[in-house]
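S.K.: Below: sequence and its predicted model.
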Amino acid sequence: MITLSAIKADVGSIGGHTRPSEEMLDEVRHILTQKISQGLVIDGLITYTGDDIAIICTHQLGTGNQEIHLGLAWQAFLAATEIAKEQGNYGAGQDLLVDAPSGNVRGAGPGVAEIEFEINPEGGYRPAESFMVFAGDKCGPGAYNLPLYLAFCDPMHDGGLLLNPRMHQGFTFTVIDMDHKSQDTDRVIRLDVPERIWDVAALLQNPDRYAVEAIHSRFAPNEQIVSAAATRLHNIAGRYTGKDDPIAIVRNQGIFPAPEELLEPYATINQIITGDARGSHNMPQMPVAINTEVAGPYCLPLISCLGFSMNAEGKFASRYVDFFGNSAWDYARLEAQRRAAEFRRQGFFGVTMAQQAEIAYTGLVDTWNALDSEFENRHEKEVARR
Ligand code: MG
Ligand code: MG
């Protein structure tokens, strides 16, 4: 069995929430290379999307493994944090929310997407392993809800649901309740589609609380197709700490949706999500090439997507397709910026700022609390007398 792990964190960036420095990336790369030469990791690469560094790697240690989560990822992010501090970079160590995580980095700040699978399993239904890694910056935790819903539930966006008899058997969504604050348990629900697409839709429409954590095939129920990081940093830290910026792995082709079906919502919908400036606004998400810094107006939320093929040994990292780097996505970029400008005309009023549940972790609450004592209760009769 091969485990594919994608772990990302913001541990500091140049001149604001823009991008990590080359030296920080080199340090993370150096630690990954060490782990590969020690035989712990099979293959991997380091990328960035906005201010987040992503470690994408394969190994045989299973999901949630301590050697990968702590020995590789946490140590690499700590080392990059030290460099960020030396360089005076902004937000050094921002996403490392606990002093010493135990076991794995889940719930400690970094975002994690992981899938364990067999290469070319018995039955011959998946002779080639092909997958994508999405990384968002300035994005709320449920940023994948709508694109995944459309690709796995809606033939208007994914004709493969009708054309491919194995996809036609449907999928199982695992949705996590991100408001559940427990050290020991997660609160999740598993729903089969298409039978329960409206129940899935009813949950996913609130991306600040519910997020797709996993999707499995029903044709081959032990095949996990999607793993997405789904945590809310302020639930861990109890205060605003930066955005959640989820990362996701999506296996594709064959019995799963094809890349073009998975990417279609990013072109046609340009969804408006929570994130942006101070993590407290709503704006459309803009698809960008890998290793793109945040430089656009008001921290427009970014999404990158790499496509890979994996060989029988679990090697994949030396060749990739940078989907959103292609000029075919220029139109979607312009459209996102055009819609963002429309939103910005309304400033902070109403829907242009994040939902109240998110604002609850910002300084706005201090102002509301301070004004609270100046409110007075007025009786209805007094109004009538005026
Ligand atoms: Mg940041
Ligand atoms: Mg970020």
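M.R.: On my side now, so go ahead. Ligands and ions are numbered 1, 2, ... in the order given.
S.K.: mind listing what residue 380 touches?
M.R.: Residues counted as contacts of residue 380 (CB atoms under 8 Å, 6 or more residues apart in numbering): none. C-beta: built from backbone N, CA, C; applies to glycine.
S.K.: separation between it and residue 374?
M.R.: In this view, residue 380 and residue 374 are 21 Å apart by CB to CB, to the nearest Å.
S.K.: do residue 350 as well
M.R.: 23 Å.
S.K.: Also residue 114?
M.R.: Using CB to CB, residue 114 is found at 51 Å from residue 374.
S.K.: Between those two, which is the more surrounded one?
M.R.: residue 114 (22 against 6; other CB atoms under 10 Å).
S.K.: Sketch out the low-pLDDT regions of the chain for me.
M.R.: 237-243, 383-386 (pLDDT under 70).
S.K.: residue nearest the centroid of it?
M.R.: residue 246 (1.6 Å; CA atoms, centre = their mean).
S.K.: who's in contact with it?
M.R.: 111, 113, 136, 139, 141-144, 211, 228-230.
S.K.: just residue 266 next, same as before
M.R.: 147, 285, 287, 303, 305, 324, 329, 332.
S.K.: Am I right that it falls within a helix?
M.R.: Yes. Residue 266: assigned to a helix according to DSSP: H, G, I helix; E, B strand; the rest coil.
S.K.: ok, it to ligand 1 distance?
M.R.: Distance of residue 266 to ligand 1, computed by CB to the ion, to the nearest Å: 22 Å.
S.K.: Also residue 186?
M.R.: Taken as CB to the ion, the span from residue 186 to ligand 1 is 25 Å.
S.K.: Could you do residue 255 as well?
M.R.: Counting by CB to the ion, the gap from residue 255 to ligand 1 is 37 Å.
S.K.: Counting neighbours, what do you get for the spatially closest residue to that residue that is not a sequence neighbour?
M.R.: Using CB to CB, 6 or more residues apart in numbering and skipping the chain neighbours, the partner closest in space to residue 255 is residue 166 (4.4 Å). Residues lying near residue 166 (other CB under 10 Å) number 15.
S.K.: near ligand 1, which residues of the stretch 51-200 of the chain?
M.R.: residue 51 (CB under 5 Å from the ion).
S.K.: re earlier: tell me the backbone dihedrals of the residue nearest to residue 255, please.
M.R.: phi -80, psi -40 (degrees, to the nearest 10).
S.K.: out of the contacts of residue 246, who's nearest ligand 1?
M.R.: residue 139 (11.3 Å; CB to the ion).
S.K.: Residue 287 is in contact with the closest one, correct?
M.R.: No. With contacts counted by CB atoms under 8 Å, residue 139 stays clear of residue 287, the gap being 12.0 Å.
S.K.: which residues do these two both contact?
M.R.: In contact with both residue 139 and residue 287: 302-303, using CB under 8 Å, 6+ apart.
S.K.: and the two? which has more neighbours close in?
M.R.: Comparing residue 139 with residue 287 by other CB under 10 Å, the one with more neighbours is residue 139, at 28 against 24.
S.K.: Please report how far that one lies from residue 216.
M.R.: Applying CB to CB to residue 139 and residue 216 gives a distance of 24 Å.
S.K.: Spell out which residues of this protein are next to ligand 2.
M.R.: Looking at ligand 2, the residues of the chain close enough under CB under 5 Å from the ion are 10, 51-52, 137, 245.
S.K.: What count of nearby residues applies to residue 369?
M.R.: Count around residue 369 with other CB under 10 Å applied: 9.
S.K.: and it, that one's in a strand?
M.R.: No. Using three-state DSSP, the assignment for residue 369 is helix, not a strand.
S.K.: Against residue 378, how distant is it?
M.R.: Counting by CB to CB, the gap from residue 369 to residue 378 is 21 Å.
S.K.: three-state assignment of whichever residue of the stretch 251-386 of the chain sits closest to ligand 2?
M.R.: In the stretch 251-386 of the chain, the residue that lies nearest ligand 2 is residue 294 (7.9 Å; CB to the ion). Secondary structure assignment for residue 294 (three-state DSSP): coil.
S.K.: What of residue 30?
M.R.: Reduced to three states by three-state DSSP, residue 30 is helix.
S.K.: try residue 249
M.R.: With three-state DSSP as the criterion, residue 249 reads strand.
S.K.: Name all residues that make contact with it.
M.R.: For residue 249, counting by CB under 8 Å, 6+ apart, the contacting residues are 4, 6, 113-115, 131-133, 226-228.
S.K.: What's the separation between it and ligand 1?
M.R.: Residue 249 is 22 Å from ligand 1, by CB to the ion.
S.K.: From here on, call the first residue 52.
M.R.: Okay, using 52 as the starting number, the last item reads as residue 300.
S.K.: Many thanks, we can stop here.
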